[in-house]
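Enquirer: here are the coordinates; sequence isn't available:
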């Protein structure tokens, strides 16, 4: 089954499900997080597929399927080739950092960045939590995974490298696209090795497969649940393969109006235009000049 | 004016205000974030002080005043003496990381930590945002500050040092106490140099004053607003002075049942007992043994 948030021609964003033959709106589900928090969400979804209001392609656009997760946990350095391009060793523990819900944006949204000259791409598989988990082992973590979606951890390398902590370069509002759909775990297993790619326009920048993660999805979910409770709708970003702009010789960053296309076979694609805004001049700077 | 969340003998948590002579409940304010989001919250608070339901001390306990901020931004390495004890240089930019709302807990709550043997203290001044801010200069940031409270960024140093990113050692659920009250910015200015201390039981561990921050409150708020929108109820933790357990020779970490007392003159104190839980054994480990 697939789940998505659809912006319809009526102007609404609705939670919808698909079994491969078009989208059906689930009654009373304002968003995917609240839908999958229902104990019997799958029977509600099946009922919608059987008899719910249908939305046809031309009537809908995909929105960010998870606009307000309480927790977005991100893993860095989780593909061997990306670890190598940063000059580091394969780690014993996952390297984790957090994003805010505001950092996320839609699968086709323009990404506007002001005040950075080193905007880089990071294609990633994202894990969506479906049921509460705390101190879960690998099996419990696997069972708590609702499904998978795509993200691109767009990173402002100049800000990221200002200090020891990456957070500020990865927390610019509305810069991490997510979507277009969530494919449930019974239909998509990253261990099967789905191709993950990132293109800038027509140019292939990253290509790997989801079976090459150092810490796989249940490992990351289990580990994270060791220090914090996970809840339906929470996201775990699993890290990016080699081929980012920072790792290239010479380095290559995103230019204004370039389009980043992030694909995972079996899930779909994100397509985001980069808009490099003018740097904000503060009142203080105006007063100084 | 002071603001607090009070647990009353009726079992409620209510948002209340004080002008130094007891606490008054503000009608219809379920929490402090929603209270200060009102355009005219100060007149509502004044009305409550004049004629609202009174709560006397024996009837109330302080709860976490901000149980659900959308954003908790923390600054590391922000007192010269703490920077020195970590062996680093005074930085050009603030070192920032994030916590989840779930990381926070109340001013008198027990702090239960499982699976860490290096639990350390970090007394901190915390800034509470009172109005929306994005790309704000220093003056705008100052105007967006509602007030100040106390936090202790309890840190699991073993987890913190596992990888390059500190996040996992600082994001254990319910380990960062906050409170007991928020003192509004018209009555408390950290630049005046309020004493900040941390005791373990009777033993003084940290003592500094809030005027010694490398990046002061408006600087941190302004800088953070350069990449993310801040909203009423968001928190910015300003970093800790020297004297943490990690910086001592020999190192000194918190033992089970020790009480951490964190004080800032003019705001109050946090008093939190440490409970070192047994390490969680996963099902997998049980199966292996």
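Expert: Now that the structure is in, tell me what you want to look at. Here the structure is a predicted model, which is why all the values come from computation and not from measurement. Numbers count the residues shown, from 1 in each chain, chains lettered A, B, ... in the order given.
Enquirer: name the residues that touch whatever helix or strand residue A:42 lives in?
Expert: Assessed by DSSP states H and E, residue A:42 sits inside helix A:41-51. The list of residues contacting helix A:41-51 from outside it, by CB atoms under 8 Å, 6 or more residues apart in numbering or on different chains, reads A:1, A:3, A:16-19, A:24-27, A:29, A:35, A:38. For every residue, glycine as well, the C-beta is placed using N, CA and C.
Enquirer: spell out which parts of the stretch 1-150 of chain A neighbour chain B.
Expert: Applying CB under 8 Å from any CB of the partner chain, we find that the stretch 1-150 of chain A lies next to chain B at A:70-71, A:76-77, A:91-103, A:114-115, A:134-140.
Enquirer: so where do the helices sit in chain A?
Expert: For chain A, the helices identified by DSSP state H occupy A:32-37, A:41-51, A:80-85, A:138-144, A:157-160, A:217-225, A:283-288, in order along the chain.
Enquirer: redo these as TSV? Include mean pLDDT and distance to residue A:265.
Expert: Conversion of the helices of chain A to TSV gives the following (pLDDT from 0 to 100; distance: least, CB to CB, whole Å):
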stretch	mean pLDDT	distance to residue A:265
helix A:32-37	91	22
helix A:41-51	92	24
helix A:80-85	84	18
helix A:138-144	98	21
helix A:157-160	98	28
helix A:217-225	98	16
helix A:283-288	59	47
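Enquirer: of all the ones you listed, which one is nearest residue A:271?
Expert: Proximity to residue A:271 (CB to CB) singles out helix A:32-37 among the helices of chain A, at 20.5 Å.
Enquirer: so which elements touch that closest one?
Expert: Taking 3 or more CB pairs under 8 Å, 6 or more residues apart in numbering or on different chains; DSSP states H and E as the contact definition, the neighbouring helices and strands of helix A:32-37 are strand A:2-8, strand A:13-18, helix A:41-51.
Enquirer: pull out the buried residues from that helix.
Expert: Buried residues in helix A:32-37, defined by neighbour count with 16 or more other CB atoms under 10 Å in any protein chain shown: A:32, A:33, A:35, A:36, A:37.
Enquirer: ok, residues contacting it?
Expert: The set of residues that contact helix A:32-37 without belonging to it, under CB under 8 Å, 6+ apart, is A:3-5, A:15, A:26, A:29, A:41, A:44-45, A:65-66, A:68-69, A:130, A:146, A:182, A:232-233.
Enquirer: now these: which count as buried?
Expert: Here the buried ones among those, as counted with 16+ other CB under 10 Å, turn out to be A:3-5, A:15, A:26, A:29, A:41, A:44-45, A:65-66, A:69, A:130, A:146, A:182, A:232-233.
Enquirer: any stretches of chain A with poor pLDDT?
Expert: Under the criterion of pLDDT under 70, the regions of chain A flagged as low confidence span A:58, A:279-289.
Enquirer: mind redoing it with 50?
Expert: Segments of chain A classed as low confidence (criterion: pLDDT under 50) are A:289.
Enquirer: what's the neighbour count on the closest residue in space to residue A:71 that isn't next to it in sequence?
Expert: Using CB to CB, 6 or more residues apart in numbering or on different chains and skipping the chain neighbours, the partner closest in space to residue A:71 is residue A:234 (4.4 Å). For residue A:234, the tally of surrounding residues (other CB atoms under 10 Å in any protein chain shown) stands at 26.
Enquirer: contact partners for residue A:234?
Expert: Contacts for residue A:234 (CB under 8 Å, 6+ apart) come out as A:69, A:70, A:71, A:72, A:73, A:128, A:129.
Enquirer: just the buried ones from these, in PyMOL syntax?
Expert: Of the contacts of residue A:234, the buried ones go into a single PyMOL selection, burial set by 16+ other CB under 10 Å:
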select buried, chain A and resi 69+70+71+72+73+128+129
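Enquirer: out of the contacts of residue A:234, which is nearest to residue B:167?
Expert: Among those, and counting by CB to CB, the member closest to residue B:167 is residue A:73, at 8.3 Å.
Enquirer: I'd guessed the closest one sits against residue A:239; true?
Expert: No - between residue A:73 and residue A:239 no contact is recorded; they are 11.2 Å apart, counting by CB atoms under 8 Å.
Enquirer: could you list the domains of chain A?
Expert: The domain map for chain A lists A:2-63, A:72-277, with the assignment taken from automatic domain parsing.
Enquirer: got those domains as a markdown table, with distance to residue B:110 columns?
Expert: Converted to a markdown table, the domains of chain A look like this (distance: least, CB to CB, whole Å):
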| stretch | distance to residue B:110 |
| --- | --- |
| domain A:2-63 | 29 |
| domain A:72-277 | 17 |
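Enquirer: out of these, which one sits most buried?
Expert: Most buried of the domains of chain A by mean neighbour count (mean count of other CB atoms under 10 Å in any protein chain shown) is domain A:72-277; its value is a mean of 20.
Enquirer: leaving out sequence neighbours, find the closest residue to residue A:101.
Expert: Closest residue to residue A:101 in three dimensions, ignoring its sequence neighbours and counting by CB to CB, 6+ apart: residue A:68, at 5.0 Å.
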